[in-house]
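K.L.:
Need coordinates for the following:
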Amino acid sequence: MKKIMDGNEACAYAAYPFTEVAGIYPITPASTMAELTDKWASEGKKNFFNQPVKVVEMESEAGAIGLVHGSLQAGCLTSTYTASQGLLLMIPNMYKIAGELLPCVINVAARSLATHALSIFGDHQDIYAVRQTGFAIMASSSVQESMDLTAVSYLSTIKGRVPFINFNDGFRTSHELQKIEVLDMDKVKELIDTKSLIDFRKRALNIDNPVTRGTSQNEDILNIIINYLK
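P.N.:
Residues are numbered from 1 along each chain as shown. Next comes the predicted model:
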């Protein structure tokens, strides 16, 4: 099936079925992804798990990624959508999400960072500023890729336990209307690594199934690990 849509809608369309919880906060030019997710959820659209996405709008991008982090710890597949300074506000939690090997996708409409004044030009300053966090980076250069590679990002993060920044060019792709081939999400669902997803659920914080969080690795333990790896 072919349909005319922009990059934001293409990304949101592919992300929605994988998402159980969405922590959102509006920011140009990524707001449309969160708005569509909220709209579809309010209309009762079901995800792969036969339920509407639980959408929570927070007070800032830092709050949104905090919700994402906590939700992931509880065993829920969780998404967020952002750009520019919004992505930078997420950096502290991004280190922890990557370090804890949590499957997560942050969908970004890439935008320049505001310095001496507000800027909404589209470039990759925000993406380059988070390369060190441990997130893999998936780049889309067209509306079709925005849909296809969003699905790839979610499938990969579930199987590989490496979180993803999934981005397209703000305005240039996020708002570009193109006629694209819409993914058959029923076929995409068949590609989910079920065992990895079940293992993710089992690692969730649960009073009936205690798991360890926040261990300490001091010099003695670190030296043992280094010697073992040698």
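K.L.:
For the rest of this, base every contact and every neighbour count on C-alpha atoms.
P.N.:
Fine.
K.L.:
Poorly predicted segments of this structure, please.
P.N.:
Residue ranges of the chain with pLDDT under 70: 217.
K.L.:
Helices of that one, residue ranges please.
P.N.:
Taking DSSP state H as the criterion, the chain carries its helices at 7-15, 31-42, 61-73, 84-88, 91-99, 125-128, 143-160, 185-189, 194-202, 219-229.
K.L.:
from those, which stretch is densest packed?
P.N.:
A comparison of the helices of the chain by mean neighbour count, using mean count of other CA atoms under 10 Å, puts helix 7-15 on top with a mean of 26.
K.L.:
How far off centre is that one?
P.N.:
In terms of CA atoms, centre = their mean, to the nearest Å, the centre of helix 7-15 is set 12 Å apart from its chain centre.
K.L.:
ok, Thr133 - contacts?
P.N.:
Taking CA atoms under 8 Å, 6 or more residues apart in numbering as the criterion, Thr133 is in contact with 91, 94-95, 98.
K.L.:
and if we set it to 6 Å?
P.N.:
Tyr95 (CA atoms under 6 Å, 6 or more residues apart in numbering).
K.L.:
same thing with Ala110?
P.N.:
Going by CA under 6 Å, 6+ apart, the list of residues near Ala110 reads 83, 124, 169-170.
K.L.:
Now the residue minimising distance to the centre of the chain: closest residue in space, sequence neighbours ignored.
P.N.:
Central residue of the chain (CA atoms, centre = their mean): Val105, 1.9 Å from the mean position. Once its chain neighbours are removed from consideration, Val105 has its nearest residue in Phe164; the separation is 4.8 Å (CA to CA, 6 or more residues apart in numbering).
K.L.:
Give me the distance between that neighbour and Gln125.
P.N.:
When CA to CA, to the nearest Å is the yardstick, Phe164 and Gln125 sit 17 Å from each other.
K.L.:
ditto for Thr215
P.N.:
Counting by CA to CA, the gap from Thr215 to Gln125 is 34 Å.
K.L.:
what's around Lys179, how many residues?
P.N.:
Residues lying near Lys179 (other CA atoms under 10 Å) number 12.
K.L.:
What's the separation between it and Lys187?
P.N.:
Spatial separation of Lys179 from Lys187 under the definition CA to CA is 21 Å.
K.L.:
can you check Gly63 too?
P.N.:
Taken as CA to CA, the span from Gly63 to Lys187 is 34 Å.
K.L.:
Repeat that for Ser142.
P.N.:
Taking CA to CA as the measure, Ser142 and Lys187 are separated by 22 Å.
K.L.:
What of Ala64?
P.N.:
30 Å.
K.L.:
Also Pro163?
P.N.:
In this structure, Pro163 and Lys187 are separated by 23 Å, where distance is defined by CA to CA.
K.L.:
rewinding a little: burial count for the residue nearest to Val105?
P.N.:
Phe164 has 23 neighbouring residues, counting by other CA under 10 Å.
K.L.:
bridging residues for it?
P.N.:
When bridges are taken as DSSP bridges, the partners of Phe164 come out as Val105, Ala136.
K.L.:
Can you pull the phi and psi angles for the residue lying closest to Ser42 once chain neighbours are set aside?
P.N.:
Excluding its sequence neighbours, the residue lying closest to Ser42 (CA to CA, 6+ apart) is Pro52, at 7.8 Å. With angles defined as degrees, to the nearest 10, Pro52 shows backbone torsions of phi -70, psi 150.
K.L.:
Any idea how many residues pack against the nearest residue to Ser60 once chain neighbours are set aside?
P.N.:
Among residues not flanking Ser60 along the chain, Tyr25 sits closest, at 5.9 Å (CA to CA, 6+ apart). Tyr25 sits with 23 neighbouring residues when counted by other CA under 10 Å.
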